[in-house]
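**Q** pasting the structure only:
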């Protein structure tokens, strides 16, 4: 939670439920930090999720506008 207080940081968290959460964190929020709930994931699942997260492109558009507004609020 504290990571998102730093300007330019967009952290996402994944505990092992829906993989779509990981994709959307990149696609819509351009997350640049992924936090994993280690107690809830196997090593193989964690590596799979990291791979999904790194390969997902940012969609931009309306999402970029929202990110810019958030970054301005941290000044």
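**A** Perfect, thanks for sending it. Everything numeric here is computed off the predicted structure, so don't read it as measured data.

**Q** how about the helices in this protein?
**A** 20-27, 43-55, 62-73 (DSSP state H).

**Q** among those helices, which is the most enclosed?
**A** Of all the helices of the chain, helix 20-27 has the most neighbours on average by mean count of other CB atoms under 10 Å, namely a mean of 17. Backbone N, C-alpha and C define where each C-beta goes, glycine included.

**Q** So which elements touch that one?
**A** With contacts defined as 3 or more CB pairs under 8 Å, 6 or more residues apart in numbering; DSSP states H and E, the packing partners of helix 20-27 are strand 11-14, helix 43-55.

**Q** who touches that helix?
**A** 10, 12, 14, 31, 34, 49, 52-53, 56-59, 63 (CB atoms under 8 Å, 6 or more residues apart in numbering).

**Q** again, only using 10 Å
**A** 10-15, 18, 31-34, 36, 48-60, 63 (CB atoms under 10 Å, 6 or more residues apart in numbering).

**Q** ok, so what distance separates residue 14 from residue 65?
**A** 25 Å (CB to CB, to the nearest Å).

**Q** what do you get for residue 44?
**A** From residue 44 to residue 65 the distance is 37 Å (CB to CB).

**Q** Am I right that residue 34 is in contact with residue 11?
**A** Yes. At 7.5 Å, residue 34 counts as touching residue 11 under the criterion of CB atoms under 10 Å.
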